[in-house]
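compute the structure for the input listed below.
(chains A and B)
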Amino acid sequence: MSGLRVAVPKGAIFEDALEALGRAGLPVEVLRDNGRRLLYRGEVTEFIMSRPSDVPVFVEYGAADVGIVGKDVLEEQRPNVMELRDLGTGACRMILAAPEERAEEIRRAISHAEVVRVATKFPNTARRYFETLGRQAEIIELHGSVELAPLVGLAECIVDLSATGTTLRENHLVVLDEISYSTARLIANRGAYRLRHQEIAALLDAMQEPLRG
Amino acid sequence: MHGFREVVTPALEYSEVVEEPKLRDTAFKLFDQDNQTLLLRPEMTTPIARLVAQRLRNSPPPHKLSYSLPVYRRAGVGRGQSAEFHQAGVEVVGSTSPAEDAGTIALLVDTLENLGLEAPRDFVVVLGQTAFYEGYLRRTAPEAAPELLAALAAKDLVSVDEISSNLPDEAAAGVRGIPRLVGQATDGSVLERAGRYAVGDEAGAALENLREILAHLDAHGRLGAVMLDLGLIGRRNYYTGAVYEVYAAGLGFTLASGGRYDNLLRRFGEPLPATGFAISLERLISVLPDQEPAPLLVLVGASVEATRAAERLRSSGVPVLHLAEDSPPESAVEYARSVDAGWVCYPAPDGLKLAPAEPGGEFELIPCEAVAGRVLP
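Purely as a prediction, here's the structure:
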């Protein structure tokens, strides 16, 4: 139905993204068959498979016309793209968490404006959060397993995504504050949104509003 | 063809001249001997506004000015991006006429088409009207207006929808609907649908202004290059009326942008309305079609005869690069190819020895007068 190039995120929101695109009539089955290919050239639609945090980059530069990505990534990167639709799926929370036994101590430290050390994959989000609190924090950027940081004394608390809370519980971390709530979004390149408006508008129409429970 | 006068402004401006925080942050700063902060200009419109307010206040408006100059912004460290960009643009200061908005858009389209781009195949001008949405909000949802305008300026239609869900139905319809009015300017249905939301004087006047701009663009014969997008409002608190961006096929970023900014000159004590655009020349070059190199001939020889021959050829209209060394043919051909010259020649007693700049090209003795006929297309 369209000649668009679509950036699809691997990982947690992959299945939801596929379902949304499939509902819109795009031939997404090819993506399920082989998990290793990065580029699928269909008859009309092309798919790019990328890390979620790279989806906005492909879209902002016009290497993909549209893409699906979590609001958490958009908040972190603030890319110059059109944010067109909330798909309602892939819900998760950006949280501030600390080890159970030190939770109160750290809460007090933050409220007394002491500088705490925060490990996170989302340094901009963490910095902005502490700025809105009027507090300072030393931000330590990690690329994975952030939960480890407070367990070994690298940081006192973490800013991270949590979908179910299981990982937090397993590592004896408790939520101190909820920073934001995130769902998957359909984004478009600014130029593609105009130059290929008919195709993108058709895609938007075809992606019906998801059922909300 | 349009009577614009070219201006050059200093690269350094006092930091007070540029007011937008984002632009100020990206500008290179330095200090003069009195510790006043200076900026390397991060854009051209404000320096021209200052120039008009200070230097042209006694001449009658409108001032139609053009420029083609570098601007400077700090790019991400190590990202391989230049900190110097070239912008070419025009500003019309001192007229509120929609014909001036249309005129600058037509000039922009002309400029791009003269360079070999064709609308709407290669590029489109996306046109919006900031005052339409603002006017609608001021009338129907004044409390939510700042938040909605911030969301739309950030191109976040999801937040616009979220905010609108807390508004009464009749207000929400336009809050959600106006940013989604997108379509070809030649297709009247976009304006027709917009008419439903033209409540109140302000939104009504804005829509009428847009209609007039389109009528003038039609008279220019440029309507086919234009697409309407009433969700386009540009930078926050900057544009006051028409606002437009040019997108080219295969380029993810804006090629040019512009619009009406009637409040900027007030800051310099001259409340003059203004409209204009800037083209990013680096991006423009990246989308221009490959061009045949201009004809050029490399004339080889250190002698006075060679210099005389070069002059004779130039006066017959042949562009000549004089390589004033006695190079052998192979290296002369290699040099000619490196500078995109199509021909190599040596002075000879009865004319010139001429060969195409190809490896193994045959030299041929021809009279000086015959060279132009051979080399020029």
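
stretch B:234-253 near chain A at all?
Yes. Shown here: stretch B:234-253 in contact with chain A (CB under 8 Å from any CB of the partner chain) through B:245, B:247-253. Using the backbone N, CA and C atoms, a C-beta is placed for each residue, glycine as well.

let's have those in TSV, adding pLDDT and neighbour count.
What follows is those, written out as TSV (pLDDT from 0 to 100; neighbours: other CB atoms under 10 Å in any protein chain shown):
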residue	pLDDT	neighbour count
B:245	96	24
B:247	95	25
B:248	93	24
B:249	88	16
B:250	84	11
B:251	88	21
B:252	87	21
B:253	90	18
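
quick check: the farthest pair among these?
In the residues of stretch B:234-253 next to chain A, two members sit farther apart than any others by CB to CB. They are B:245 and B:250, at 15.8 Å.

please go through chain A and pick out the longest strand.
Ranked by residue count, the top strand of chain A under DSSP state E comes out as strand A:173-182.

what segments of chain A are helices?
Along chain A, the segments classed as helices by DSSP state H run A:14-23, A:29-33, A:55-60, A:71-77, A:103-111, A:123-133, A:148-151, A:166-170, A:190-195, A:197-206.

excluding chain neighbours, what is closest to residue B:92?
residue B:100 (4.7 Å; CB to CB, 6 or more residues apart in numbering or on different chains).

now swap in residue A:43 and tell me
The spatial neighbour of residue A:43 that comes closest, neighbours along the chain excluded (CB to CB, 6+ apart), is residue A:27 at 7.8 Å.

near chain B, which residues of chain A? Just list them.
Residues of chain A lying close to chain B by CB under 8 Å from any CB are A:59-63, A:80-86, A:185, A:189-192, A:194-195, A:197, A:201.

spatially central, which residue of the chain would that be?
Just so you know, I chose chain A. Centroid-nearest residue in chain A, with CA atoms, centre = their mean: residue A:70, separated by 3.2 Å.

wrong chain, I was asking about chain B
The C-alpha lying nearest the average C-alpha coordinate of chain B belongs to residue B:279 (CA atoms, centre = their mean; 1.4 Å).

before we move on, back to that, how about the helices of chain A in JSON lines, adding mean pLDDT, distance to residue A:140 and mean neighbour count?
Listed next are the helices of chain A as JSON lines, based on pLDDT from 0 to 100; distance: least, CB to CB, whole Å; neighbours: other CB atoms under 10 Å in any protein chain shown:
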{"stretch": "helix A:14-23", "mean pLDDT": "87", "distance to residue A:140": "28", "mean neighbour count": "19"}
{"stretch": "helix A:29-33", "mean pLDDT": "77", "distance to residue A:140": "35", "mean neighbour count": "13"}
{"stretch": "helix A:55-60", "mean pLDDT": "94", "distance to residue A:140": "23", "mean neighbour count": "24"}
{"stretch": "helix A:71-77", "mean pLDDT": "94", "distance to residue A:140": "15", "mean neighbour count": "21"}
{"stretch": "helix A:103-111", "mean pLDDT": "90", "distance to residue A:140": "15", "mean neighbour count": "15"}
{"stretch": "helix A:123-133", "mean pLDDT": "94", "distance to residue A:140": "8", "mean neighbour count": "17"}
{"stretch": "helix A:148-151", "mean pLDDT": "92", "distance to residue A:140": "7", "mean neighbour count": "18"}
{"stretch": "helix A:166-170", "mean pLDDT": "89", "distance to residue A:140": "18", "mean neighbour count": "13"}
{"stretch": "helix A:190-195", "mean pLDDT": "93", "distance to residue A:140": "34", "mean neighbour count": "23"}
{"stretch": "helix A:197-206", "mean pLDDT": "89", "distance to residue A:140": "39", "mean neighbour count": "17"}
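
those helices: which one's closest to residue A:142?
When the helices of chain A are compared by CB to CB, helix A:148-151 sits nearest residue A:142, at 6.5 Å.

dig out what the residue in the stretch 101-250 of chain B that chain A sits nearest to forms beta bridges with.
Per CB to the nearest CB, the residue of the stretch 101-250 of chain B with the smallest distance to chain A is residue B:247, at 3.7 Å. According to DSSP bridges, residue B:124, residue B:254 are recorded as the beta-bridge partners of residue B:247.

from residue B:126, how far out is residue B:160?
Relative to residue B:126, residue B:160 is positioned 18 Å away (CB to CB, to the nearest Å).

swap in residue B:336?
In this structure, residue B:336 and residue B:126 are separated by 44 Å, where distance is defined by CB to CB.

same deal with residue A:199?
16 Å.

identify the residue nearest whichever residue of chain A sits closest to chain B in space, chain neighbours excluded?
Scanning chain A for the residue nearest chain B gives residue A:62, at 2.3 Å (criterion: CB to the nearest CB). When the adjacent residues along the chain are set aside, residue A:62 lies closest to residue B:252, with 2.3 Å between them (CB to CB, 6+ apart).

state the phi and psi torsions of the one you found.
Summarising the backbone geometry of residue B:252 under the convention degrees, to the nearest 10, its torsions are phi -80, psi -10.

ok, now which ones touch it?
Residues near residue B:252 by CB atoms under 8 Å, 6 or more residues apart in numbering or on different chains: A:59-63, A:189-192.

now swap in residue A:9 and tell me
Applying CB under 8 Å, 6+ apart, the residues near residue A:9 are A:17, A:50-52, A:55, A:67-70.

domain ranges for chain A?
Described in terms of automatic domain parsing, the domain architecture of chain A consists of the residue ranges A:5-90+A:183-206, A:92-181.

can I get the ones you listed in JSON lines including distance to residue B:36?
Conversion of the domains of chain A to JSON lines gives the following (distance: least, CB to CB, whole Å):
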{"stretch": "domain A:5-90+A:183-206", "distance to residue B:36": "32"}
{"stretch": "domain A:92-181", "distance to residue B:36": "29"}
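
who in the stretch 251-377 of chain B is up against chain A?
Contact residues of the stretch 251-377 of chain B with respect to chain A, defined by CB under 8 Å from any CB, are listed as B:251-254.
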